[in-house]
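A.B. asks: Structure of the sequence below:
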Amino acid sequence: MKIRLAAAALSTVALPTFAIQFAAAQQAAPSMTAGATLAEKHVQTLLKSAAPGAKMDYSILTTEVGKAVRDHPEGGDMIIKLGTPQSVTYLGDPPGGYLFRITFATAKIDFFLALNAAGKISAMYYHPAISMPS
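C.D. replies: Residues are numbered from 1 along each chain as shown. As a prediction, the model looks like this:
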């Protein structure tokens, strides 16, 4: 009986403390580096290029990424279907690149991109936004 009570007491103390620390860490906005600022500018350019009737600005892409975008226009088509972007939020710089959350009227996506030494997009992908529990 005493062991159960001790375990229950430990779990009720430890878990909320961890959750509070995690939530506080999650709320701190990451600071933008020069690379992140350029990456955000490229995200804005990509979003403008994906607008109906707009032309893609391939100058911000490496040759390989430009070819992939040309060969797979369905990626841009999926973003167009989400509507007009409402906001772009910098989430941080995971290894190898920069992560942004793009909010549309009907959905949110997490958008990752990497830049090469020349400042061109050398990799990018997106997926539905993932919200971490607080």
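A.B. asks: H42: how many residues sit nearby?
C.D. replies: 21 (other C-beta atoms under 10 Å). Backbone N, C-alpha and C define where each C-beta goes, glycine included.
A.B. asks: thought it was touching I60?
C.D. replies: Yes - judged on C-beta atoms under 8 Å, H42 makes contact with I60 at a distance of 5.1 Å.
A.B. asks: Now do the shared contacts for the two.
C.D. replies: I121 (C-beta atoms under 8 Å, 6 or more residues apart in numbering).
A.B. asks: Can you classify V69 as helix, strand or coil?
C.D. replies: helix (DSSP: H, G, I helix; E, B strand; the rest coil).
A.B. asks: from here on, count from 396
C.D. replies: Renumbered: residue one is now 396, and that last one reads V464.
A.B. asks: OK, contacts around it?
C.D. replies: Here V464 is in contact with M451, Y453, L456, G470, G471 (criterion: C-beta under 8 Å, 6+ apart).
A.B. asks: quick one: low-confidence ranges for the chain?
C.D. replies: Scanning the chain with the threshold set as pLDDT under 70 gives 396-424, 527-529.
A.B. asks: run the last query once more with 90
C.D. replies: 396-427, 444-449, 467-479, 500-501, 525-529 (pLDDT under 90).
A.B. asks: Tell me where it has helices.
C.D. replies: 397-422, 429-444, 458-466, 469-476 (DSSP state H).
A.B. asks: Compute the inter-axis angle for the third one and helix 469-476.
C.D. replies: So the one you mean is helix 458-466. 60 degrees (axes from the mean of the first three to the mean of the last three C-alpha atoms, to 10 degrees).
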